[in-house]
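>>> fold the following and give me the result.
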Amino acid sequence: MSNKFNPEKEFPSSIEKLIWVMQCLRDPDRGCPWDKEQTYETILPYTIEEAYEVADAIENGSIDDFKEELGDLLLQVIYHAQIAVEANDFSFDDVAESIASKMISRHPHVFGEDDAQTANDVVGIWERQKDKEHDYNGALDSVTKGLPALLRARKLQKAAAKVGFEWRDADEAFLKVHEEINEFKEASEDTDKEEEFGDLLFALVNVGRMQGIDAEEALRKASNKFTKRFEGIEKQLNHDGKLFSNLSLDQMLEYWQRQK
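Purely as a prediction, here's the structure:
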């Protein structure tokens, strides 16, 4: 008799099928040796990676890739939920119920008596409802420490601005950037340079935030642009029968300008 699970088994919905697949993978006796060993902590890097791959698929504009990457991200939710079931922490249904309840609570202009005419109105309502749900001791308590650095910097600045700790305008914030550039230039010790460079990045994030620019998204797009142009140089060099190692910096920059 086969010791394998039946892949032709029928389910009322696709989500129930996916939950079953994860249960099979984690089965103590018949599951996958790798999947059975995973924990919240070991799966976390994959969860973060899949979120970024969703962003990349959106940027690339491929609906097929987008669908696939959303599936990969959903698998991460199912994965964590299955580990939670085994630990008697919570279930996938608990996760779904929790987020559904939160969305209802955070949208009283849709499910309650509040009124919102613009997206800015919604942001204000969202923040007020969020504050009601949590007992924050400090203005920055709501900012998650595990966020990517640029995103965390932006959220910290936004939280501080809510209580009035904010430059009067973007021009004042930009003056701070110049100040940090000079301090970075003047830093002599390596530890000082790292700290001053961090201060400079933080100041740049603030200027962007005050002008409606998300630093994380802006840098991601800049990286994508750099990748596209650099790959274009590689293709052109290959066409010309040349190598990077045989070019001077000035010659490389000439190829770069062609890509622009």
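>>> CA atoms for contacts and neighbours, from now on please.
Will do.
>>> list the buried residues in stretch 115-134.
Applying a neighbour-count criterion of 16 or more other CA atoms under 10 Å, the buried positions in stretch 115-134 are V122, I125, W126, Q129.
>>> got it, and stretch 225-235?
Neighbour-count burial for stretch 225-235, with 16+ other CA under 10 Å as criterion, is recorded at R229, G232, I233.
>>> out of the residues you listed, who's nearest P108?
R229 (46.5 Å; CA to CA).
>>> how far does the helix or strand encompassing the closest one sit from its chain's centre?
Here R229 is covered by helix 215-240, with elements defined by DSSP states H and E. Once both centres are worked out by CA atoms, centre = their mean, to the nearest Å, helix 215-240 turns out to sit 21 Å from its chain's centre.
>>> and what of stretch 19-33?
Per CA atoms, centre = their mean, the centroid offset for stretch 19-33 relative to its chain is 29 Å.
>>> hmm, back to that, and the buried residues of stretch 115-134, which is closest to Y46?
Lowest distance from Y46 to those (CA to CA) belongs to W126, with 29.3 Å.
>>> which residues does that closest one contact?
For W126, the contact set (CA atoms under 8 Å, 6 or more residues apart in numbering) comprises R106, H107.
>>> state the three-state secondary structure for it.
The three-state label for W126, taken from DSSP: H, G, I helix; E, B strand; the rest coil, comes out as helix.
>>> can you tell me how far it is from K176?
31 Å (CA to CA, to the nearest Å).
>>> excluding its backbone neighbours, what's nearest L200?
Across the structure, with CA to CA, 6 or more residues apart in numbering as the measure, the residue nearest L200 apart from its sequence neighbours is E180 (5.1 Å).
>>> so which bits of the host helix or strand of K155 are buried?
Element membership of K155, judged by DSSP H and E, is helix 149-162. Taking 16+ other CA under 10 Å as the neighbour-count basis, helix 149-162 is seen to contain the buried residues L150, L151, R152, A153, R154, K155, L156, Q157, K158, A159.
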